[in-house]
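Trainee: For reference, the sequence and a predicted model appear below.
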Amino acid sequence: MLRKVFLTGCVLAIAAAICGAQQTPANTQAPAAATTPAAVAAAAPADPASGVVPALERKIEVMIRAELAVPPQYEIAIGPRQKSDVNGYDTIAVTFLLPSQPNRKQTVDFLLSKDSSTLARLSKWDIGPDPAGMLPTSGRPMRGDPDAKVMIVNFDDLECPYCAQMNAEFFPATLDRYKGLVKFVYMDYPLVEIHPWAMHAAVNANCLAAQNGTAYWNYVDYLHTHGPDVNGPDRDLAKSTAMLDKLANQEGARDNLDAAKLGACLAKQDDTKIVAEMKAGDKAGVNATPTFFVSGERWAGELEEHQVWIMIDRALKEQGIAPPAPEPPAATPQPAAKPGK
């Protein structure tokens with residue numbers, strides 16, 4: 001029985017406060033100092049109207065890098081002070097970006113005290129429409145009872161070893177425990193920077209799903225248990241993608257799918273749907289795999305099996321459904337009696 005659902009997970013994030021875009025592998029070449037946003041800001045003359053002098057900008061940058069563990073390859077640009085709604089504080093916009101991907105950046109608002117001695121970040125949560133409740137699950141292959149009131153949505157990467165562990169151990173045990181009370185839907189979140197064939201696999205799985213849900217699950221299950229075989233000893237991407245296509249065609253033949261339609265889909269490799277799912281995941285706070293939602297409640301990271309079941313039990317109770325009775329604790333074996341006793 002699986003005791004730990006996730007060990008660490010497959011993650012692409014700067015830190016919890018600034019993750020919103022996927023991260024490329026570390027760039028070991030430092031960009032020219034004069035061209036980085038922080039360096040430009042530091043080299044520029046102080047702007048009295050901005051209220052932030054270069055020396056203070058440097059202190060802010062150093063503090064943010066230390067507190068958020070920002071990787072060195074990320075550049076940080078500090079914006080000017082702006083009026084804040086919080087008494088005693090101004091707002092400054094801090095932008096994080098990779099020089100190799102200038103179009104993929106994120107700006108986060110921080111609070112700076114009027115005397116410039118304190119830096120803070122105020123988190124605001126919109127309790128209106130829940131992004132997790134608007135995930136595009138319609139039409140996705142499903143496991144479990146379609147009429148079940150509790151749905152578990154898992155953001156999956158077919159090359160992620162932690163996803164494979166969860167697919168092989170946790171989900172089957174959960175379906176067995178809850179019988180017809182829960183249903184599972186997988187959505188795609190391939191971390192392409194660290195898993196080179198994950199997107200290709202996701203597209204192939206969706207090509208199968210378009211014709212037959214069973215074929216989809218068979219393909220997903222196989223890849224989650226044969227990832228090293230797909231990688232191959234030389235980790236050649238062309239060989240891996242060729243194997244992925246071969247496996248998809250074999251699954252299509254086994255389930256009597258339309259071979260011409262499947263072949264055209266595999267050849268086209270249209271990732272539009274996968275990208276849309278990833279964007280929906282970003283809005284719902286996904287930045288690692290596996291990440292799952294139990295009736296909208298999100299979790300990613302290390303968690304024991306019984307703790308996940310607490311989340312499911314809570315969701316069932318909200319629907320007025322009594323969860324299964326807890327399993328009785330295993331009996332503690334008694335020590336053997338000494339000889340002659």
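Mentor: Received, thanks.
Trainee: Helices of the stretch 51-200 of the chain, residue ranges please.
Mentor: Ranges of helices in the stretch 51-200 of the chain, per DSSP state H, counting those that start in this stretch, are 54-68, 161-165, 171-178, 198-209.
Trainee: of all the ones you listed, which gets the most neighbours per residue?
Mentor: Mean neighbour count (mean count of other Cβ atoms under 10 Å) peaks for helix 198-209 among those, with a mean of 25. For the C-beta atoms, the positions are set from N, CA and C on the backbone; glycine is no exception.
Trainee: Export only the CA atoms of that helix, formatted as CSV.
Mentor: What follows is helix 198-209, C-alpha atoms only, in CSV (Å, rounded to 0.1, in the frame of the first residue of the first chain):
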residue,chain,number,x,y,z
ALA,A,198,5.8,14.6,-22.8
MET,A,199,4.0,17.0,-25.2
HIS,A,200,4.2,14.4,-28.0
ALA,A,201,2.8,11.8,-25.7
ALA,A,202,0.0,14.1,-24.6
VAL,A,203,-1.0,14.8,-28.2
ASN,A,204,-1.1,11.1,-29.0
ALA,A,205,-3.2,10.3,-25.9
ASN,A,206,-5.7,12.9,-27.0
CYS,A,207,-5.8,11.5,-30.5
LEU,A,208,-6.8,8.2,-29.0
ALA,A,209,-9.3,9.8,-26.6
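Trainee: Show me how far it is from its chain's centre.
Mentor: 18 Å (Cα atoms, centre = their mean, to the nearest Å).
Trainee: now for it, which elements pack on it?
Mentor: Contacts defined by 3 or more Cβ pairs under 8 Å, 6 or more residues apart in numbering; DSSP states H and E place helix 198-209 against strand 182-188, helix 213-225, helix 237-254, helix 259-268, helix 272-283.
Trainee: Dump the ones you listed to TSV, plus mean neighbour count and mean pLDDT.
Mentor: Formatted as TSV, the helices and strands packed on helix 198-209 follow (neighbours: other Cβ atoms under 10 Å; pLDDT from 0 to 100):
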stretch	mean neighbour count	mean pLDDT
strand 182-188	23	96
helix 213-225	19	98
helix 237-254	17	98
helix 259-268	14	98
helix 272-283	17	94
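Trainee: To Pro324, which of those lies closest?
Mentor: strand 182-188 (10.6 Å; Cβ to Cβ).
Trainee: Show me what that closest one packs onto, helices and strands only.
Mentor: Secondary-structure packing of strand 182-188 (3+ Cβ pairs under 8 Å, 6+ apart): strand 142-144, strand 150-156, helix 171-178, helix 198-209, helix 272-283.
Trainee: rewinding a little: for the helices of the stretch 51-200 of the chain, could you give me TSV that also reports distance to Thr137?
Mentor: TSV is the format used below for the helices of the stretch 51-200 of the chain (distance: least, Cβ to Cβ, whole Å):
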stretch	distance to Thr137
helix 54-68	32
helix 161-165	18
helix 171-178	16
helix 198-209	12
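Trainee: Next, format these as TSV and append mean pLDDT and distance to Ala148.
Mentor: Output for the helices of the stretch 51-200 of the chain, formatted as TSV (pLDDT from 0 to 100; distance: least, Cβ to Cβ, whole Å):
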stretch	mean pLDDT	distance to Ala148
helix 54-68	91	39
helix 161-165	93	22
helix 171-178	93	8
helix 198-209	98	20
